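> This is a predicted model, with the sequence first.
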Amino acid sequence: MAVETERRWRNILTSQMIPEACGEGKLSEPSTARAAASSPELLAASRCILAIDMDCFYAQCEEIRHPHLKGRPVGVQQKMLVITSNYAARACGIKKGDSLQVVREKCPEITICNGEDLTFYGELSQRAFDVAARWSSKVEKLGLDEVFVDVTELVAERFRALDDPEACLRLASTGHEYPKESESGSSEVRVRQGDWKDLDDAHRCWARLALASEICREIREAILSEIGLTSSAGISVSKQLAKMVSSWKKPSQQTLFLPTADRLGHLLPDDLPVQKVPGIGFASTQKLHELGVRTTGEVLSAVVPEGEEYGRLLTEFDAGALRTMKALCLGIDASPVKASGAPKTCSVQDSFWQGPVRTDVQVRDNLLALAQKLITKIRSDERMYGYRPIPTFSLSLMHAPSSDGGAARRGRKQMQLGSFQIARQPGEQGDDERLQGQIADRAFALFRKLVPAEEPFVLHILNLQVGFGEALGAQRRLSFGASAPSATASAAAQLQAPVEDIELTDSDGDGEAGRNQTPPVSTERPDAVATLVSMGFAQDRAQRALAQCCDVPRAVEMLLAGGPSSSPTRLPRRDVSSRAEKRQRLNCPAPEASGAIIDLLD
DNA sequence: ATGGGTCCT
DNA sequence: AGGACCC
C-alpha cells in the first residue's frame, strides 16, 4: 500500500503533474524563449496567492436577498442597462450591457432587480472578505466582488507539518490545473518527510500551490456555506498569474497555475493583445497602439533598451513604466497583496450626459441630492467599520468639452476640515436632513472656487468625496492601560453591533461615548497643554485630548470635533469669530449646539 | 456604461 | 490636483 502510493507520487511528480508539454496542438504563437527565461525565478519564488472572484456578484446578491429567485433568470439593472445577470439568464443569451428592451425579448421570464443601491452588495462583500481573513491577514479587496489572499504563511505552516515524521499529509491539488482539460482533484498521495529534500523548484512550487489550492477550496467553501456565494478562483505565485487563471473555469471552480515555461507560453502567448494583461490598462494600450505595438510579443521585442524601438517607447512611457510592462508581459509581478483595511475614501457621483447642468440652481439641487447619497453611504460605512472622523472633503466636476474643440476640462477642489462631524444620537435619525444641507453648502462653496460667479458653465459630472481619518479611540497606544478602547476591540465590537449601539461622539462631546473613552488625565507635556489652553480650550479637555493623540494638531482636531469632554464644549475663542465670518461669506447657516457640526478651517 | 475605489506622480 | 489602474 505504502509502496503503491509512493509510486504514484513519483509518477505524479515526474511526468503527469508537470508534463514538459501540455496540450497537443499549439493554440497560438508558440511559447517564447523569453517565457523560458522568466520561469525559473517564478518557480523559485515562494509566494502562494489566491485570486477569488464572486460569480456574477450582483445577481447572486439578489438571489440571496430574494431566495425565491434562486436559479431563475435574474438581471440587475442600472439606469437603462442590465449590467449583469445570473447564469440562468445567461443561458437565454443575455449579455452584459444589454438594454432592458433586448433582455425582455430574449427572456420574457426574467426578473429584473434594481442595482443602483450598492449597500447590500457592499455588506455581503465585506462578509466574504471577513471569511477570507480567517485564513490570512493579507487579504486585498479589488472592487466588491474580488479578493487576493496571500496564503504563503499558512502554506509554509502546513508544509512544515510534513517534517514531522509521524505526520503524513494528504496532498493533492484541488480543482483544475491550467491548461489541462481534466480535473486533477482525484489524485491523492501520501508524502513522507524525506521526499521533499530532493524536489526541484518546479516540484516544490507545485507542492506549495497544491496546498494553497486546498486552502482556497476551504475558503470558497466557507464563503458558500456561510454567505451563500459561489466564487471562482486562481491559485499561483503572484496576483497577476492567479488573476489571469481565475476566470479560466467559471462558475464555481478554481484553477491552479504552475509557472513553467510551457504553461507561461500558453497563458501569455506572443500574440496576446496587450490589454488582456492585468496592469496594462486603457491608456497604455492606446499609447502602445499609436506606436504600432499590439501584443505582448511586440512589447517584449520593442522594449530592449538598445533596440531602436525603445527610443520611441520612451516618448510615451518612462523607463520605470516600461520595466513594469515588460515584466508583466513575461508574467512577472512582484506586487504584494496589501491588507485592505476600511475604505479610505467614500464618494458619490452623478452624471448628466443627456441634460447637462448649466445653472447655479441646478448645481445646488444636484449637490443636495448627492449629499443625501453621501450621508447614506457614510452611515453604511459606520455600520461596517465603526465611526471615523472625516478630515477632508472634496468636490470634483467635469465640464462639457468646449465648443471650440477643446477637451473636456476637469476640476477638483478639496478642503481640509478641522473636523467634520457626522454624528447623531443613538437611534435618532433627524439630524441627517440638516447635515445634508450643510454638506451641500460646503460643496457649493467649493464649486464657486472652481467656477466663479457669472461665469457660464456646462457640467457633465458632479462628484463629492470625503476622506476618513483613523477611528476615534484608535490613536496609538500613547494613552494609558485599557481605559482607551483598542482599535481592534472597538472595531470588532462595532462590526457586530446594531446601528444604535455604535459608539458615537455627539457634537457636544458629552455623551456616554465620550465619557467611556475618556482616559485618565495626563500630567505630561505641560507645554503642549499650555498651547491648547492658549487657543481657548479648557485645560482638562486639552490634557485628555493630548493623552489620546500624539501631537498638538491631532489634539486640536479632536477638541474641535467635540471630544474628549465630560463637560459642555466651549469653542475656542479665536475660532468663534473667524468661523462666523467664514460662515457669512459662504452663506452657511450657523450650526446649532446640539446638531452635527462642520468646522471649516481652511 | 456607470459609479465606485486604489495608488503614484 | 491629476492620472493611471482596477471592478
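Noted; the coordinates are in hand. Residues are numbered from 1 along each chain as shown, chains lettered A, B, ... in the order given.
> hey, let's count contacts and neighbours off CA atoms from now on
OK.
> top strand in chain A by residue count?
Ordering each strand of chain A by length in residues (DSSP state E) puts strand A:408-420 first.
> Pull that one out as PDB, backbone CA atoms only.
Once side chains and other backbone atoms are set aside, the C-alpha atoms of strand A:408-420 remain, and they are given as PDB (Å, rounded to 0.1, in the frame of the first residue of the first chain):
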ATOM      1  CA  ALA A 408     -13.400  68.300 -21.600                       C
ATOM      2  CA  ARG A 409     -12.000  70.100 -18.600                       C
ATOM      3  CA  ARG A 410     -12.000  68.700 -15.200                       C
ATOM      4  CA  GLY A 411     -11.700  70.300 -11.900                       C
ATOM      5  CA  ARG A 412     -11.200  69.200  -8.300                       C
ATOM      6  CA  LYS A 413     -11.300  71.300  -5.200                       C
ATOM      7  CA  GLN A 414     -10.600  69.900  -1.800                       C
ATOM      8  CA  MET A 415     -11.000  71.500   1.600                       C
ATOM      9  CA  GLN A 416      -9.400  70.400   4.900                       C
ATOM     10  CA  LEU A 417     -11.900  70.300   7.600                       C
ATOM     11  CA  GLY A 418     -10.800  71.000  11.100                       C
ATOM     12  CA  SER A 419     -13.500  68.500  11.900                       C
ATOM     13  CA  PHE A 420     -16.400  67.200  10.000                       C
END
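> ok, the helix or strand containing residue A:301 near DNA strand C or not?
Assessed by DSSP states H and E, residue A:301 sits inside helix A:296-302. No. Shown here: helix A:296-302 not in contact with DNA strand C (Cα under 7 Å from any atom of the strand), separated by at least 13.7 Å.
> And that helix, what's buried?
Taking 16 or more other Cα atoms under 10 Å as the basis for neighbour counts, the residues of helix A:296-302 that come out buried are A:296, A:297, A:298, A:299, A:300, A:302.
> Quick one: low-confidence residue ranges for the stretch 301-450 of chain A.
In the predicted model of the stretch 301-450 of chain A, residues A:404-405, A:418-430 satisfy pLDDT under 70.
> What parts of it come near DNA strand C?
By Cα under 7 Å from any atom of the strand, the part of the stretch 301-450 of chain A that sits against DNA strand C consists of A:410, A:411, A:412, A:413, A:414, A:415.
> and the nearest residue to the third one once chain neighbours are set aside, what are its bridge partners?
Setting aside the residues directly before and after it, residue A:412 is nearest to residue A:396 in space (Cα to Cα, 6 or more residues apart in numbering), at 4.1 Å. With DSSP bridges as the criterion, the beta-bridge partners of residue A:396 are residue A:412, residue A:463.
> what's across from residue A:256 in the sheet?
Beta-bridge pairing for residue A:256 (DSSP bridges): residue A:177, residue A:235.
> count of neighbours near it?
In terms of burial, residue A:256 registers 29 neighbours under the definition other Cα atoms under 10 Å.
> Check the gap between it and DNA strand B for me.
Look at residue A:256 and DNA strand B: by Cα to the nearest atom of the strand, to the nearest Å, they are 26 Å apart.
> and what of residue A:374?
Residue A:374 sits 8 Å away from DNA strand B, taking Cα to the nearest atom of the strand as the criterion.
> helices or strands next to the helix or strand where that residue lies in the packing?
Under the criterion DSSP H and E, the helix or strand holding residue A:374 is helix A:360-385. Counting contacts by 3 or more Cα pairs under 8 Å, 6 or more residues apart in numbering; DSSP states H and E, the secondary-structure elements packed against helix A:360-385 are helix A:119-132, strand A:345-351, helix A:431-450, strand A:459-467, helix A:487-496.
> the domain parsing of chain A - what is it?
Per the record's domain assignment (automatic domain parsing), chain A is made up of the domains A:33-267, A:268-330, A:345-467, A:487-494+A:505-600.
> how about those, which one is nearest residue A:337?
domain A:33-267 (5.9 Å; Cα to Cα).
> returning to what we had before: the longest strand of chain A versus strand A:459-467: what angle between them?
30 degrees (axes from the mean of the first three to the mean of the last three Cα atoms, to 10 degrees).
> And for residue A:355, the neighbour number?
10.
> Contact residues of the stretch 101-250 of chain A facing DNA strand C?
Counting by Cα under 7 Å from any atom of the strand, the residues of the stretch 101-250 of chain A lying close to DNA strand C are A:142, A:143, A:144, A:145, A:146.
> Any of those residues buried? List them.
In these, burial by neighbour count holds for A:144, A:145, A:146, counting by 16+ other Cα under 10 Å.
> how about JSON lines for those residues, with distance to residue A:58 and secondary structure added?
Written out in JSON lines, the entries for these read as follows (distance: Cα to Cα, whole Å; DSSP: H, G, I helix; E, B strand; the rest coil):
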{"residue": "A:144", "distance to residue A:58": "9", "secondary structure": "coil"}
{"residue": "A:145", "distance to residue A:58": "8", "secondary structure": "coil"}
{"residue": "A:146", "distance to residue A:58": "12", "secondary structure": "strand"}
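> From the residues you listed, pick the one nearest residue A:36.
The closest of those, once distances to residue A:36 are taken by Cα to Cα, is residue A:146, at 30.1 Å.
> mind checking how far that closest one is from residue A:221?
Distance of residue A:146 to residue A:221, given as Cα to Cα, to the nearest Å: 16 Å.
> Then residue A:54?
Between residue A:54 and residue A:221 the distance, using Cα to Cα, works out to 12 Å.
> if we can go back for a sec, what sits against the residue nearest to residue A:412?
Residue A:396 makes contacts with A:410, A:411, A:412, A:413, A:462, A:463, A:464, as judged by Cα atoms under 8 Å, 6 or more residues apart in numbering.
> so who does the nearest residue to the last one once chain neighbours are set aside touch?
Spatial nearest neighbour of residue A:464, chain neighbours left out: residue A:395 (4.8 Å); criterion: Cα to Cα, 6+ apart. With contacts defined as Cα under 8 Å, 6+ apart, the neighbours of residue A:395 are A:412, A:413, A:414, A:443, A:446, A:447, A:462, A:463, A:464, A:465.
> Buried subset of those, written for PyMOL?
To isolate the buried subset of the contacts of residue A:395 in PyMOL, counting by 16+ other Cα under 10 Å, use the following:
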select buried, chain A and resi 412+413+414+443+446+447+462+463+464+465
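> Out of the contacts of residue A:395, which is nearest to residue A:331?
Proximity of those to residue A:331, judged by Cα to Cα, is greatest for residue A:465, which lies at 35.8 Å.
> The closest one and residue A:103, how far apart?
Taking Cα to Cα as the measure, residue A:465 and residue A:103 are separated by 34 Å.
> Equivalent analysis for residue A:434, please.
Computed as Cα to Cα, the residue A:434 to residue A:103 distance reads 42 Å.
> List the buried residues for the helix holding residue A:374?
Along helix A:360-385, the positions that meet the burial threshold by neighbour count (16+ other Cα under 10 Å) are A:360, A:363-364, A:366-375, A:377-385.
> Same question for stretch A:35-49.
Buried-residue list, stretch A:35-49, by 16+ other Cα under 10 Å: A:35, A:36, A:38, A:39, A:42, A:43, A:46, A:47, A:48, A:49.
> mean confidence for the helix or strand hosting the second one?
Residue A:36 is part of helix A:33-44 when elements are defined by DSSP H and E. Here helix A:33-44 scores 86 as its mean pLDDT.
> In the stretch 101-250 of chain A, which residue sits nearest DNA strand B?
DNA strand B sits closest to residue A:143 of the stretch 101-250 of chain A, with a gap of 5.1 Å, by Cα to the nearest atom of the strand.
> Then that residue would be within a helix, right?
No. Residue assignment for residue A:143, taken from DSSP: H, G, I helix; E, B strand; the rest coil, gives coil, which places it outside any helix.
> mind checking pLDDT for it?
The predicted structure scores residue A:143 at 96 on the pLDDT scale.
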